[in-house]
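Chemist: I would like the atomic coordinates for the input below:
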Amino acid sequence: MTDHLTVVDHPLVQHKLSLMREEGTSTAVFRQLLREISQLLAYEVTRNLPMTTKRITTPMQEMDAPVLAGRKLALVSILRAGNGLLDGMLELIPSARVGFVGLYRDEETLQPVQYYFKVPTELQDRLVIAVDPMLATGNSSVAAIDLLKQAGATDIRFLCLLAAPEGVARMKEAHPDVPIVTAALDSHLNDKGYIVPGLGDAGDRMFGTK
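Modeler: Residues are numbered from 1 along each chain as shown. Model prediction:
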């Protein structure tokens, strides 16, 4: 994974995303679709995991079989909306270690403020996948990656459902070594910092809040 931005154009990903974008999609259906699409995106973001072999015995004979190498990878949810992606990914990678980064936006400065940070140990030896459905302005994502690097992470990937060009540019400027995997690169941000055409506020639609 060398490109800074990978858009997953798989037909199932695109179909499920279109259903999620629709205004009339219920909270329950939205949540189910997010769980399903996150597994498909997880498949893509883990494509280049390091492999090794181990000796196993099949019903026919012994063989050197491919298995994942190194420490268990770490999934880090950027709260609160990141938890929606996290659930589906854990079904695919149940042995992953899990961390959380809590950030909120100061309404005066518009800068992210940290309120929670709890991540697995030995991040320097793990692939770390940070997850947040929306990459909008990129400010929160950049701040989360800053914190993960301070905690020792060196191999980081960022997974989101939707990205805006402004957020992608901000991430590339701040963290050019962190590849982004997304289901769609949308048109732009509106004056309130929402992705257009987007799907609204992912957290509100996932949790049924306003």
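Chemist: are there helices or strands packed against the helix or strand of the chain with the lowest mean pLDDT, and which ones?
Modeler: Each helix and strand of the chain was given a mean pLDDT (mean pLDDT, DSSP states H and E); the minimum falls on helix 202-207 at a mean of 84. Contacts defined by 3 or more C-beta pairs under 8 Å, 6 or more residues apart in numbering; DSSP states H and E place helix 202-207 against helix 27-45, helix 82-92. (Glycine included, C-beta is placed from N, CA and C.)
Chemist: where exactly do the helices run in the protein?
Modeler: Ranges of helices within the chain are 11-21, 27-45, 82-92, 139-150, 165-174, 202-207, based on DSSP state H.
Chemist: which of those comes out lowest on mean pLDDT?
Modeler: Here those differ in mean pLDDT, and the lowest is helix 202-207 at a mean of 84.
Chemist: quick one: that one to chain centroid distance?
Modeler: Helix 202-207 has its C-alpha centroid displaced from the chain centroid by 16 Å (C-alpha atoms, centre = their mean, to the nearest Å).
Chemist: try stretch 144-157
Modeler: Per C-alpha atoms, centre = their mean, the centroid offset for stretch 144-157 relative to its chain is 14 Å.
Chemist: name the residues of it that are buried.
Modeler: 144, 145, 147, 148, 149, 151, 153, 155, 156, 157 (16 or more other C-beta atoms under 10 Å).
Chemist: same check, this time on stretch 105-117
Modeler: For stretch 105-117, using 16+ other C-beta under 10 Å, the buried residues are 112, 117.
Chemist: and it, average pLDDT?
Modeler: Mean predicted lDDT for stretch 105-117 stands at 81.
Chemist: follow-up on the earlier one: distance to residue 66 for the helices of the chain - can I get that in a markdown table?
Modeler: Below are the helices of the chain laid out as a markdown table (distance: least, C-beta to C-beta, whole Å):
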| stretch | distance to residue 66 |
| --- | --- |
| helix 11-21 | 25 |
| helix 27-45 | 16 |
| helix 82-92 | 17 |
| helix 139-150 | 28 |
| helix 165-174 | 32 |
| helix 202-207 | 35 |
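Chemist: out of the ones you listed, flag the one nearest residue 58.
Modeler: helix 82-92 (23.9 Å; C-beta to C-beta).
Chemist: sorry, back to before: most tightly surrounded among the helices and strands packed on helix 202-207?
Modeler: Comparing the helices and strands packed on helix 202-207 on average neighbours per residue, with mean count of other C-beta atoms under 10 Å, the densest one is helix 82-92 at a mean of 21.
Chemist: what is that helix packed up against?
Modeler: helix 27-45, strand 74-79, strand 97-105, strand 127-131, strand 155-163, helix 202-207.
Chemist: any idea how far the closest residue to residue 31 other than its chain neighbours is from residue 30?
Modeler: The shortest distance from residue 31 to any non-neighbouring residue, by C-beta to C-beta, 6 or more residues apart in numbering, is to residue 206 (5.6 Å). Distance of residue 206 to residue 30, given as C-beta to C-beta, to the nearest Å: 6 Å.
Chemist: ok, now residue 195?
Modeler: 16 Å.
Chemist: ditto for residue 181
Modeler: 21 Å.
Chemist: likewise residue 142?
Modeler: 27 Å.
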